[in-house]
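Asks: Quick one: sequence plus predicted model below, questions after.
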Amino acid sequence: MSNPFSKLGIAAPLLKSLTDLEISVPTEIQEKAIPVLLTKTDDFVGLAKTGTGKTAAFGLPLLQLINTENKNIQTVILVPTRELGHQIFSNMEAFAKYLPEVSIAATCGGIPIKPQMERLSKPTHIVIATPGRLIDLIKRNAINVKEAKYLVLDEADEMVTALKESLEEIITALPKSRRTLLFSATMPGTIKQLVQNYMSKHVTQVSASMEVVGNNSIDHQYVVVDPIEKLDVLMHFLTSREGEHGIIFCKTKAAVNKLAKNLAINRFSSGALHGSLTQPIRDRIMEQFREGHINILVATDLAARGIDVKEISYVVNYHLPDVYEAYVHRSGRTARAGANGLSLTVLQKEEKHELTEFENELGIKFTEFKKPDAKSIEENNTLLWAKQIFKTKPNTQVSPVLKEEVKTIFHHLTKDELIEKMLANYLLNVKEVVLKAKPSVKKKKK
């Protein structure tokens, strides 16, 4: 049985690597993009959701078009984050398994530049870079892109802010005869402007699976909460999904850190990811998440780019994103590779009306998530309290004398009696805290 990719024009060495990777059926964007990129010379715009195989859609034809006799850089792939750059580099290396003559390099920010400069001193055909690092390398004369034939802007809608500042410099360093390929999950006005400014008049555009956010694989739900109960509702939800992989999105780095700290206190298996963390820390957290050592990732929008973990069963929008495109990328982290997923948005009452705008713009439908009642939340918080005690390490600094005195107080209690008294004490303290938190109403003097 012939490989369906062969009908798209993919050469034998690449077909062999696809077989090794157990990739046999092209996705819609691959079916539409690959023949165009192989047979035409126009600039190209490909629109498809996150997770639909855009890397193979441009990566396979570009690998095939490389002239291995020319030792200079022929393709520049720009990406918004190092995580995405690393992912694309890994994919391209896997695709090129049986093309040993093709040389690929990744030059992204967040890690030392000198090893990258040394790498680029050797023959390189394809370079994957973040805009800032590429500019730095160009200024240092450490990279030669004067003979590049292809410029790829991947996840352009996520990269548009960085591109505004540096694309002009990058374009100046590239030959005018280059071919520009732009891939994006959405097509906001900023991207349309970018197409008009930096791409030729002859542009081939294809769209695939743009209704994906609204497809049956992703269940879009929302829950309306009061500010005081927001964290408790989230922790109740996370308890119900214990053992599953999920990502919680926050607007700011400070919010990510605060929420991650709360989850750690309550012994959830979690980690934080945002742009202010050093690259080694980000890499370590991502590795732990991919390998299942942590189940929950708390992240900002940009930091989460490049996360390609198939088993992510839910995403939580702890803060409603400011733009529709951000919601597309957030929800696109789940329901990958044909799996089902949940995208839960946590709202305050005054934000609920904004959902209609998201529905109309993205062609999706939100359903209401049943909020747990006060009793369920209290019970969940009690279980989390018990988990904290269970996972607390013994304090070796406590004096043996004090330990014996405490044991003497409890020695006549059975295990069940001790648990009952601890529970009663905890619930009494919770009740007192709640009462203190309630605003008192002062009576007016007559």
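Replies: Looks like it came in fine.
Asks: same for the helix or strand hosting Trp385, what does it pack against?
Replies: Secondary structure assignment for Trp385, by DSSP states H and E: helix 374-391. In terms of contacts (3 or more C-beta pairs under 8 Å, 6 or more residues apart in numbering; DSSP states H and E), helix 374-391 is packed against helix 230-240, helix 415-437. C-beta coordinates here come from the backbone N, C-alpha and C atoms, glycine included.
Asks: and the lowest-mean-pLDDT helix or strand in the chain, how far out from the chain's middle?
Replies: Least confident helix or strand of the chain, by mean pLDDT, DSSP states H and E, is helix 156-173 with a mean of 78. Counting by C-alpha atoms, centre = their mean, to the nearest Å, helix 156-173 is centred 21 Å from the centre of its parent chain.
Asks: ok, and for stretch 13-26, which residues are buried?
Replies: 13-15, 17-18, 23, 26 (16 or more other C-beta atoms under 10 Å).
Asks: er, stretch 340-353 actually
Replies: Buried residues in stretch 340-353 (16+ other C-beta under 10 Å): 341-347.
Asks: Of those residues, which belong to strands?
Replies: 341-347 (DSSP state E).
Asks: Leu167 versus Ser24, what's the distance?
Replies: Note on Ser24: its distance to Leu167, by C-beta to C-beta, to the nearest Å, is 37 Å.
Asks: Make sure Gly271 is actually in contact with Gln288.
Replies: Yes: counting by C-beta atoms under 8 Å, Gly271 does reach Gln288; the two are 6.2 Å apart.
Asks: residues shared between the contacts of these two?
Replies: Common contacts of Gly271 and Gln288, defined by C-beta atoms under 8 Å, 6 or more residues apart in numbering, comprise Ile294.
Asks: more neighbours, those two?
Replies: Gly271 (22 against 15; other C-beta atoms under 10 Å).
Asks: which residues sit in contact with the more buried one?
Replies: Contacts of Gly271 (C-beta under 8 Å, 6+ apart): 260, 285, 288-289, 294, 296-298.
Asks: Closest one of the residues you listed to Asp219?
Replies: Ile296 (18.7 Å; C-beta to C-beta).
Asks: I'd like the distance between the residue nearest to the closest one when sequence neighbours are not counted and Thr408.
Replies: Leaving aside its chain neighbours, Ile296 sits nearest to Ser270 (3.9 Å; criterion: C-beta to C-beta, 6 or more residues apart in numbering). In this view, Ser270 and Thr408 are 39 Å apart by C-beta to C-beta.
Asks: Looking at those two, which one has more neighbours?
Replies: Ser270 (22 against 9).
Asks: how distant is the host helix or strand of Ile128 from the center of its chain?
Replies: Under the criterion of DSSP H and E, Ile128 resides in strand 126-129. On the basis of C-alpha atoms, centre = their mean, the separation between the geometric centre of strand 126-129 and that of its chain is 21 Å.
Asks: can you give me how far whichever helix or strand comes after it is from the chain middle?
Replies: Next in sequence after strand 126-129, counting helices and strands by DSSP H and E, comes helix 131-139. Relative to its parent chain, helix 131-139 has a centroid offset of 24 Å by C-alpha atoms, centre = their mean.
Asks: model confidence over helix 131-139, on average?
Replies: For helix 131-139, mean pLDDT rounds to 94.
Asks: elements contacting that helix?
Replies: Identification of packing neighbours for helix 131-139 by 3+ C-beta pairs under 8 Å, 6+ apart yields strand 75-78, strand 104-107, helix 114-120, helix 156-173.
Asks: Quick check: buried residues in it?
Replies: 131, 133-138.
Asks: same thing with stretch 278-294?
Replies: For stretch 278-294, by 16+ other C-beta under 10 Å, it's 282-283, 285-286, 289, 294.
Asks: could those be laid out in a markdown table, adding secondary structure, distance to Ser90 and pLDDT?
Replies: Output for the buried residues of stretch 278-294, formatted as a markdown table (DSSP: H, G, I helix; E, B strand; the rest coil; distance: C-beta to C-beta, whole Å; pLDDT from 0 to 100):
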| residue | secondary structure | distance to Ser90 | pLDDT |
| --- | --- | --- | --- |
| Arg282 | helix | 16 | 85 |
| Asp283 | helix | 13 | 83 |
| Ile285 | helix | 18 | 90 |
| Met286 | helix | 12 | 86 |
| Phe289 | helix | 16 | 91 |
| Ile294 | coil | 21 | 93 |
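Asks: related to what we said a few turns ago, which of the buried residues of stretch 13-26 scores worst on pLDDT?
Replies: Where pLDDT dips furthest among those: Ile23, at 87.
Asks: isn't it right up against Ala56?
Replies: Yes: the pair Ile23 / Ala56 is scored as a contact, 7.3 Å apart, by C-beta under 8 Å.
Asks: Okay then, goodbye and thanks.
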